[in-house]
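Enquirer: give me a model of this one.
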Amino acid sequence: MTDFDAIDALLAEARQEVPLPPADVRRSLREGLNLSRAQVAQALGVSPSTVGGWESGRDPGGEVREKYAYFLEGARTKLAAETAETAEGAPDAADVVEPRDGADEADAPREEAGDTGEADEVEALPSPEPCVLCGMPARHQVAGFPQHLDPADCGTAAPVQPDPAADPPASAEPGPAGRTAPVAAEDARAGRHERAPASRDRAAKPVRVVPVGRRMQTADQSPDLIGAAVAAALKKHSGDLEAATAALVKKAIPDAMALLDETRKGGRYDVVAHPWIPDILRKQTARGADRIWEARPKWARTDLPPGAHEVTALDVNGAYLSALKTHLPIGQLEHSTGFDHDRRRAGVHLITPPAWDHEDRLPNPIGNRDEPGPLWVTEPTLRLLLRLSGPKYGLCDPPEIHESFTSGATEGLLEKFRVALKGARDRAIAEDDEVTLEYVKAMYSKFVSTMGESNYNRELYRPDWMHLIRSQAFANLWMKALKAHEEGLTVVRAMGTDELHVIGDWRRVFPEGRGVSEVKVKDTYTVGEEPDPTAAGEED
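Expert: Residues are numbered from 1 along each chain as shown. Take a look at the predicted model:
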């Protein structure tokens, strides 16, 4: 094939990408059909957070872009047809019955909210959930509570008939002719209806609810995704622990994203999964690195007192899991200049680090760096330097901030996600469940390592989060080194996120165990030698 043939073949295959409507239109089309992000995501084979990213301005590519464009065009066509049908069926003004003066609102015709008569707070559920009134599976929720929209679906087709001889209930209101109409039956189309006798005993029990953002939901609605995945893997592999573990670790990334989506339900903030990223957070080459300095410690003490010393290498448990609790930017990073640091924001900062004069006993907080001058650091590193330069420690001068890329931040952005993983990890340790333990470790470690420019996780593109979480783990290790030093231990070495070598009675400083707030022994060894008394005598 000649070069011209290759070019012709390339041109024949080339085609323009399918156009997409603006981000706000995409969201309004989905919401106009009363569809959740989870429902759209399931149909397109992506995660709900990915759909959220598209609705925030991120554009998909390739085949999934064509599928998404097809969905949006179909949604637009369906909504237009429903609008036209509603307009054709609308009554003339002469046919509308005006309510009489002084008449009760219950006698006036209600304005329909749509073809189904659903109120604004009616939402379709991605999967059926127990109705809060009858306990049977419901496909919609009203004001945040799963309910049947049709009373016929809620345990019985007939409402409870009140006993004429009985006193009216406290919730009854007098009607126009002195009748009593239960408030619960005021609007069955909005999901508020009476219970049938068959479901009275079950519905009489109080419904346990928990807050989820500004709404409430039943307490049993939070599924145990980790436990269910482990049980399914063990069943599929006939109880083979090794095979089940390998299968779970292999799908740790999508499972972690599913858990993140589940724990973000009802959250106060919408996470921007694919924001605009400044060049400093982008790789310069395919296999290269960006320009963010994570302050990874790799320090070893150069001098020890004479004599032999027993050194204990401590292993910090769940370093990345603990680091999920850090100040993370919620939205797109914005550029700023100047020395001031806003603790309500988080991101990356170009600083001139202060001089460090304690290398003989403590590692430098910015790690081992050979080149002097300004460098880009993350929020945890900057906060650590500001803390150490404050009046409590006074170990260095404040860093000089030149410019920053930050966004409004919160320390609790991944807190529910972290708590879910920590809870599963704690239970696995207590029950000696190595399958779940290895699965959970893979979930949080791979979640952190693949949220940047990775081919293994296309659902979340937050290299800023990746750097911040990693450097928070390094900062946590540094603070453990400082604590050991302040408690009289001799710090010998600090490496990575989880390795600290000390001399002295470390058990009075750090609790021992496998929990995330505990440490365990990785190794013990001796450095130096006891002086030989005979050699000293010979010198005399």
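
Enquirer: for the stretch 251-400 of the chain, what are the low-confidence residue spans?
Expert: Along the stretch 251-400 of the chain, segments meeting pLDDT under 70 span 286-288.

Enquirer: could you rerun that using 50?
Expert: Residue ranges of the stretch 251-400 of the chain with pLDDT under 50: none are present.

Enquirer: mind listing the strands for it?
Expert: Ranges of strands within the stretch 251-400 of the chain are 292-293, 298-300, 309-316, 328-329, 334-337, 345-352, 375-378, 400-410, based on DSSP state E, counting those that start in this stretch.

Enquirer: each with direction, which strands does the fifth one pair with?
Expert: Listed by DSSP bridges, the sheet partners of strand 334-337 and their directions read strand 400-410 (antiparallel).

Enquirer: in CSV, list the strands of the stretch 251-400 of the chain along with distance to residue 251 and mean neighbour count.
Expert: The C-beta positions use only the backbone N, C-alpha and C, and glycine is treated the same way. As requested, those are exported to CSV (distance: least, CB to CB, whole Å; neighbours: other CB atoms under 10 Å):
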stretch, distance to residue 251, mean neighbour count
strand 292-293, 29, 20
strand 298-300, 33, 14
strand 309-316, 27, 18
strand 328-329, 25, 24
strand 334-337, 36, 12
strand 345-352, 31, 22
strand 375-378, 30, 24
strand 400-410, 29, 18
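
Enquirer: quick one: least confident helix or strand in the chain?
Expert: Across the helices and strands of the chain, the lowest-confidence element by mean pLDDT, DSSP states H and E is strand 180-182, at a mean of 38.

Enquirer: looking at the strands of the stretch 251-400 of the chain, which is closest to residue 32?
Expert: Put simply, out of these the one that sits nearest residue 32 is strand 400-410, at 29.5 Å, with distance taken as CB to CB.

Enquirer: between the closest one and strand 345-352, how many degrees?
Expert: Strand 400-410 runs at 170 degrees relative to strand 345-352, counting by axes from the mean of the first three to the mean of the last three CA atoms, to 10 degrees.

Enquirer: identify the residues contacting the closest residue to residue 230 other than its chain neighbours.
Expert: Ranked by CB to CB, 6 or more residues apart in numbering and with sequence neighbours excluded, the top spatial neighbour of residue 230 is residue 436, at 5.1 Å. Residue 436 sits next to 226, 227, 230, 424, 425, 427, 428 when contact means CB atoms under 8 Å, 6 or more residues apart in numbering.

Enquirer: who does the longest helix along the chain touch, helix- and strand-wise?
Expert: Determined from DSSP state H, the single longest helix within the chain is helix 62-88. For helix 62-88, the helices and strands in contact under the criterion 3 or more CB pairs under 8 Å, 6 or more residues apart in numbering; DSSP states H and E are helix 23-32, helix 37-44.

Enquirer: so who does the nearest residue to residue 26 once chain neighbours are set aside touch?
Expert: For residue 26, the nearest residue in space outside its immediate sequence neighbours is residue 55; the separation is 5.1 Å by CB to CB, 6+ apart. In this structure, residue 55 makes contact with 23, 24, 26, 27, 30, 37, judged by CB under 8 Å, 6+ apart.

Enquirer: now render those as CSV, adding neighbour count, pLDDT and distance to residue 369.
Expert: Formatted as CSV, the entries for these read as follows, by neighbours: other CB atoms under 10 Å; pLDDT from 0 to 100; distance: CB to CB, whole Å:
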residue, neighbour count, pLDDT, distance to residue 369
23, 15, 86, 41
24, 11, 85, 45
26, 22, 92, 45
27, 17, 89, 45
30, 20, 90, 48
37, 21, 84, 43
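
Enquirer: show me which pair in those is furthest apart.
Expert: Within the contacts of residue 55 (distances taken as CB to CB), the two that end up farthest apart are 24 and 37, at 14.8 Å.

Enquirer: flag the shaky bits of the protein, pLDDT-wise.
Expert: The low-confidence ranges in the chain, as defined by pLDDT under 50, are 93-120, 156-203, 213-214.

Enquirer: what about the residue lying closest to residue 462 once chain neighbours are set aside, distance to residue 529?
Expert: Once flanking residues are discounted, residue 462 sits nearest to residue 451: 5.1 Å by CB to CB, 6+ apart. As judged by CB to CB, to the nearest Å, residue 451 and residue 529 stand 48 Å apart.

Enquirer: out of these two, which sits in the busier spot?
Expert: A side-by-side neighbour count of residue 451 and residue 529, using other CB atoms under 10 Å, places residue 451 first with 24 against 10.

Enquirer: pull the contacting residues for the more buried one.
Expert: Applying CB under 8 Å, 6+ apart to residue 451 gives the contacts 457, 460, 461, 462, 463, 465, 466.

Enquirer: would you turn those into TSV with distance to residue 525?
Expert: Output for these, formatted as TSV (distance: CB to CB, whole Å):
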residue	distance to residue 525
457	39
460	41
461	43
462	40
463	38
465	37
466	34
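
Enquirer: of those residues, closest to residue 51?
Expert: Distance ranking of the contacts of residue 451 against residue 51, using CB to CB, places residue 460 first at 12.6 Å.

Enquirer: gap between the closest one and residue 245?
Expert: Distance, residue 460 to residue 245, by CB to CB: 24 Å.

Enquirer: same check, this time on residue 289
Expert: Using CB to CB, one obtains 32 Å as the distance from residue 289 to residue 245.

Enquirer: circling back: kindly present the helices and strands packed on helix 62-88 as CSV, with separate columns for distance to residue 477.
Expert: As requested, those are exported to CSV (distance: least, CB to CB, whole Å):
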stretch, distance to residue 477
helix 23-32, 40
helix 37-44, 37
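
Enquirer: that older thread, can I take it that the residue nearest to residue 230 is in a strand?
Expert: No - for residue 436, which was evaluated using DSSP: H, G, I helix; E, B strand; the rest coil, the result is helix, with no strand membership.

Enquirer: how's the chain carved up into domains?
Expert: By the assignment in automatic domain parsing, the chain contains the domains 14-88, 114-159+183-221, 279-527.

Enquirer: so how far is the helix or strand hosting residue 469 off the chain centroid?
Expert: Residue 469 is located in helix 463-486, with elements delineated by DSSP states H and E. Relative to the chain's own centre, helix 463-486 is displaced by 21 Å; criterion: CA atoms, centre = their mean, to the nearest Å.

Enquirer: a markdown table for the domains of the chain, including distance to residue 241?
Expert: Listed next are the domains of the chain as a markdown table, based on distance: least, CB to CB, whole Å:
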| stretch | distance to residue 241 |
| --- | --- |
| domain 14-88 | 29 |
| domain 114-159+183-221 | 29 |
| domain 279-527 | 6 |
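
Enquirer: just so I know, which of these lies nearest residue 267?
Expert: Taking CB to CB as the criterion, domain 114-159+183-221 is the member of those that comes nearest to residue 267, at 6.1 Å.

Enquirer: count the neighbours of residue 296 for me.
Expert: Neighbour count for residue 296, taken as other CB under 10 Å: 16.

Enquirer: you'd agree residue 296 is up against residue 367?
Expert: Yes - with contact taken as CB atoms under 8 Å, residue 296 and residue 367 are classed as touching, separated by 5.1 Å.

Enquirer: identify the contacts common to those two.
Expert: Between them, residue 296 and residue 367 share the contacting residues residue 474, judged by CB under 8 Å, 6+ apart.

Enquirer: so residue 494: helix, strand or coil?
Expert: Applying three-state DSSP: residue 494 is strand.

Enquirer: quick one, what contacts residue 393?
Expert: residue 387.

Enquirer: what's the distance between it and residue 358?
Expert: 10 Å.

Enquirer: what does residue 84 give?
Expert: Taking CB to CB as the measure, residue 84 falls 75 Å from residue 358.
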